[in-house]
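Peer 1: Sequence unavailable; structure follows:
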């Protein structure tokens, strides 16, 4: 055996590990058992959230089982270097949460590959962010090197329009084109969530985008950043800045762009603004943050108090498959040094200098594990921008889990979409 060949440990995996009839049956069995258990518990023990119906509980419980059991979370920290995370990345992609294509009564979407002009690849100057800044500098230099060799980067992007827009336009071809409809078109740039690991091609969020588009009357652009654990930090943040700069190069004005994001995407949105601030680059008009994962150290008390209420599992940092670890440094052992590195504001924006931020709407569920982290972030933004008392609008929805707008049919989700529409329109009054 080649002495340079890495030896990996075998990982017990519950979902399909290759495309085959057996693998599909394995997944059908996994989901079916989740559904049957959900129905039984709903009628025998009663709903955990009395304000929501059976469909809500089934989807919530399937998500909970998927996140808790699709990867084994009992492996010791010492095995971190012996896990083939490229293989794990393929496994996660193969078993992404199911997505539905949009129906015409909800909206339309089209996917584009946009070639990135080498001139917009940012040469970072982020000394205050230490190691994280250095990683971004190296990543930009690598991209520039590829560009010089004729290997141009592309950004794959979903463009989504809601049913309210399609009803007013018989010809949607221009609406589903990446070019501005007019010199002052206002749009939403939305970074999808998924713990930086799931959400391939943004397909899991199409119904969210369509509802946001309908209530705001704007087109939604959602770039597909590279996913962990195959690509670790700061790949996702670099890709999001490329997407923002690409929007500007296409002719969209920064003051006509609202950046939105849910969960990990919400963190990327805030981190992107911190970079723009540090480098004196133009700001977007505002931020819409849905359950933003602003603290990768997961320090809030609600990570314990809401354990039985949310579909997110509470995991130990000793677990090699903790989402934070897979995002930041897959395959590296966890220690105190890593924990301190996670406090960099480009990874956990709650630890950053949040003065001078644009107007923002923050929505979250009262039952989610991230509740206290998000509320702490909101309070810090308010404190550091005390001269602008209306800068932050915080909305906490009773009985709702993490990123509850994914359950777009729920009354609370429809209320949240309507509020997003009002907030966005208020930006440009």
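Peer 2: Sure thing, it's come through. Just so it is clear, the model here is predicted, and its values are computed rather than measured.

Peer 1: From now on I want contacts and neighbour counts done on CA atoms only, so please keep to that.
Peer 2: Will do.

Peer 1: in this structure, which segments are predicted with low confidence?
Peer 2: Scanning the chain for pLDDT under 70 picks out 1-5, 170.

Peer 1: if we go to 80?
Peer 2: 1-6, 49-51, 97-99, 152, 167-171, 201-202 (pLDDT under 80).

Peer 1: Okay, helices next: where are they in it?
Peer 2: 21-44, 54-69, 85-94, 130-148, 163-167, 206-216, 235-250, 264-278, 302-305, 323-329, 336-341, 371-384, 411-427 (DSSP state H).

Peer 1: May I have the beta-bridge partners of the nearest residue to residue 177 once chain neighbours are set aside?
Peer 2: Take residue 177 and drop its neighbours on the chain: the residue closest to it by CA to CA, 6 or more residues apart in numbering is residue 159, 7.6 Å away. Judged by DSSP bridges, the bridge partners of residue 159 are residue 110, residue 221.

Peer 1: State the distance from residue 159 to residue 428.
Peer 2: Residue 159 sits 22 Å away from residue 428, going by CA to CA, to the nearest Å.

Peer 1: and the two? which has more neighbours close in?
Peer 2: A count of neighbours by other CA atoms under 10 Å puts residue 159 above the other of residue 159 and residue 428, at 23 against 10.

Peer 1: Which residues are in contact with that one?
Peer 2: 109-112, 176-178, 219-222 (CA atoms under 8 Å, 6 or more residues apart in numbering).

Peer 1: residues in contact with the closest residue to residue 285 other than its chain neighbours?
Peer 2: In space, and not counting its chain neighbours, residue 285 is closest to residue 255: 4.7 Å by CA to CA, 6+ apart. For residue 255, the contacting residues are 283-285, by CA under 8 Å, 6+ apart.

Peer 1: Export those to TSV and append columns for distance to residue 389 and neighbour count.
Peer 2: TSV is the format used below for these (distance: CA to CA, whole Å; neighbours: other CA atoms under 10 Å):
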residue	distance to residue 389	neighbour count
283	20	21
284	19	21
285	17	20
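
Peer 1: that older thread, kindly reformat the helices of the chain as CSV containing distance to residue 12.
Peer 2: Shown next, in CSV, are the helices of the chain (distance: least, CA to CA, whole Å):
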stretch, distance to residue 12
helix 21-44, 14
helix 54-69, 11
helix 85-94, 11
helix 130-148, 33
helix 163-167, 44
helix 206-216, 32
helix 235-250, 28
helix 264-278, 27
helix 302-305, 27
helix 323-329, 17
helix 336-341, 26
helix 371-384, 32
helix 411-427, 36
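
Peer 1: Would you tell me which one of the ones you listed is buried the most?
Peer 2: Among the helices of the chain, the stretch with the highest mean neighbour count (mean count of other CA atoms under 10 Å) is helix 206-216, at a mean of 26.

Peer 1: ok so, going back, and which of the contacts of residue 255 is nearest residue 186?
Peer 2: residue 285 (9.6 Å; CA to CA).

Peer 1: The closest one: what's it in contact with?
Peer 2: Contacts for residue 285 were tallied using CA under 8 Å, 6+ apart; they are 254-259, 358-359, 427.

Peer 1: try residue 333
Peer 2: Residue 333 touches 77-81, 320, counting by CA under 8 Å, 6+ apart.

Peer 1: If we use 6 Å, what do you get?
Peer 2: 77, 80 (CA atoms under 6 Å, 6 or more residues apart in numbering).

Peer 1: From residue 219, how far off is it?
Peer 2: 42 Å.

Peer 1: do you know which of the helices of the chain lies nearest residue 312?
Peer 2: It's helix 54-69; of the helices of the chain, that one is closest to residue 312 (CA to CA) at 6.0 Å.

Peer 1: And that closest one, what does it pack against?
Peer 2: helix 21-44 (3 or more CA pairs under 6 Å, 6 or more residues apart in numbering; DSSP states H and E).

Peer 1: residues making contact with the helix it packs on?
Peer 2: Counting by CA under 6 Å, 6+ apart, 15-16, 58, 62 sit against helix 21-44.

Peer 1: now, the most widely separated pair of these?
Peer 2: 16 and 58 (21.3 Å).

Peer 1: from the contacts of residue 255, which is closest to residue 198?
Peer 2: residue 284 (25.9 Å).

Peer 1: That closest one touches residue 254, doesn't it?
Peer 2: Yes. The pair residue 284 and residue 254 passes the contact test of CA atoms under 6 Å, sitting 4.8 Å apart.

Peer 1: measure stretch 175-194 end to end?
Peer 2: Where stretch 175-194 starts and where it finishes are 27 Å apart, if you go by CA to CA.

Peer 1: how near is residue 348 to residue 292?
Peer 2: Distance from residue 348 to residue 292, by CA to CA: 10 Å.
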